[in-house]
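*Asks:* 3D, please:
(one chain, ligands or ions: 1)
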Amino acid sequence: ELYVCLRELRSSTTSVSSDTSVPPAQGPNATASRRMPGAIIIGVRKGGTRALLEMLNLHPDIEVAKAEVHYFNLDENFRKGLDWYRAQMPLTLPGQVTVEKTPGYFTAPLAPSRMWSTNPAVKLLLIIRDPAERLVSDYTQVLHNRLQQNKPYQPLEELLLRKGRINPNYKALQRSLYHQHLARWLEFFPKEQIHIVDGEALIRNPFPELQKAEKFLELPPRITQDNFYFNTTKGFYCLLSEGHDKCLDESKGRPHAPLSNEVFQKLCRYLWVPNQIFFRMVGRTFKWC
Ligand SMILES: Nc1ncnc2c1ncn2[C@@H]1O[C@H](COP(=O)(O)OS(=O)(=O)O)[C@@H](OP(=O)(O)O)[C@H]1O
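*Replies:* Model (predicted):
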């Protein structure tokens, strides 16, 4: 009841400004306030970060920042300071964990050191997927934005290849070199503080990935298989909670831009070594192309 009450309170107080305590939601000791995140989904872009955040939010002890915060990766936000950051967080009760997601953190050079000096105990969640698929999804997202703004665009092949070879300067390719980015995080955070979620496994069957995430966050198991059902129209799992049914919006799971099989295979060959390095770093393998 307390949590239901808190959720209602939260939706009716969206303009509560920074710090943050409001009168007790219910009961003598329950003080709802905006707290720093105990866990952050740091990426990767197009890895399934929104799905993971929404699914974690099913847990009664988790409250999430709905919008991406972009505090540790964008200088103009980082300069606004911690009070600004905290003000972006949802209201929580003591004992609840605040979670935010900003996929851009994973590849941002300064994010690991900034995050570490802000809270060296923060738990990090990293959701990854086949880096070749991720690249195509990344391109598709940019293409969609450009089409919407009536801006010109280049076909994926033109960006991905230079004189018939994979172009190492293509930004979406660089974002798929997971080992390079993870290495920067490991300069600051111990491996045990970074939980890796398998993005493809989350699509196939979200529940086991959520069980592992609950464990990592040291929360009692509250998410159940009944919180998920496969929506054949959407082609993905959707969420069920307190009688409400929720699928992610149409920007998630849209058809990918075309890429010839020949170029896709070239990309896979290019990524083979980086992937092997990444597997060694994390001590597990993934069935990527
Ligand atoms: N349940 C469910 N419903 C819909 N979509 C799902 C789901 N689980 C994972 N995904 C995958 O999430 C991909 C988008 O990833 P992100 O949310 O990280 O994208 S973003 O970086 O925030 O733009 C998105 O990638 P694309 O399929 O390439 O669009 C989805 O495949």
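*Asks:* Check which helix or strand residue 137 maps to.
*Replies:* helix 131-148 (DSSP states H and E).
*Asks:* can you pull the alpha-carbon coordinates of that helix into CSV?
*Replies:* In CSV, the C-alpha atoms belonging to helix 131-148 read as follows (Å, rounded to 0.1, in the frame of the first residue of the first chain):
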residue,chain,number,x,y,z
PRO,A,131,27.7,-5.7,-31.7
ALA,A,132,27.0,-6.1,-35.4
GLU,A,133,23.3,-6.1,-34.8
ARG,A,134,23.7,-3.2,-32.4
LEU,A,135,25.5,-1.2,-35.1
VAL,A,136,22.7,-1.7,-37.6
SER,A,137,20.2,-0.7,-34.9
ASP,A,138,22.2,2.4,-34.1
TYR,A,139,22.3,3.4,-37.8
THR,A,140,18.6,2.7,-38.1
GLN,A,141,17.9,5.1,-35.1
VAL,A,142,20.0,7.9,-36.7
LEU,A,143,18.4,7.3,-40.1
HIS,A,144,14.9,7.5,-38.5
ASN,A,145,15.8,10.8,-36.8
ARG,A,146,17.3,12.3,-40.0
LEU,A,147,14.2,11.3,-42.0
GLN,A,148,11.9,12.8,-39.5
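*Asks:* I'd say residue 253 and residue 237 touch.
*Replies:* No: with contact defined as C-beta atoms under 8 Å, residue 253 does not reach residue 237; the gap is 10.3 Å. Placement of C-beta: from N, CA and C, glycine included.
*Asks:* Up against the ligand, what does the stretch 151-289 of the chain have?
*Replies:* 202, 203, 236, 237, 248, 252, 253, 254 (C-beta under 6 Å from any ligand atom).
*Asks:* Which stretches in the protein count as helices?
*Replies:* 2-12, 49-56, 75-78, 82-87, 111-118, 131-148, 156-160, 171-174, 178-186, 199-204, 206-216, 261-282 (DSSP state H).
*Asks:* How much space separates residue 131 from residue 141?
*Replies:* 15 Å (C-beta to C-beta, to the nearest Å).
*Asks:* and residue 77, how many neighbours does it have?
*Replies:* Residues lying near residue 77 (other C-beta atoms under 10 Å) number 16.
*Asks:* Sounds good, over and out.
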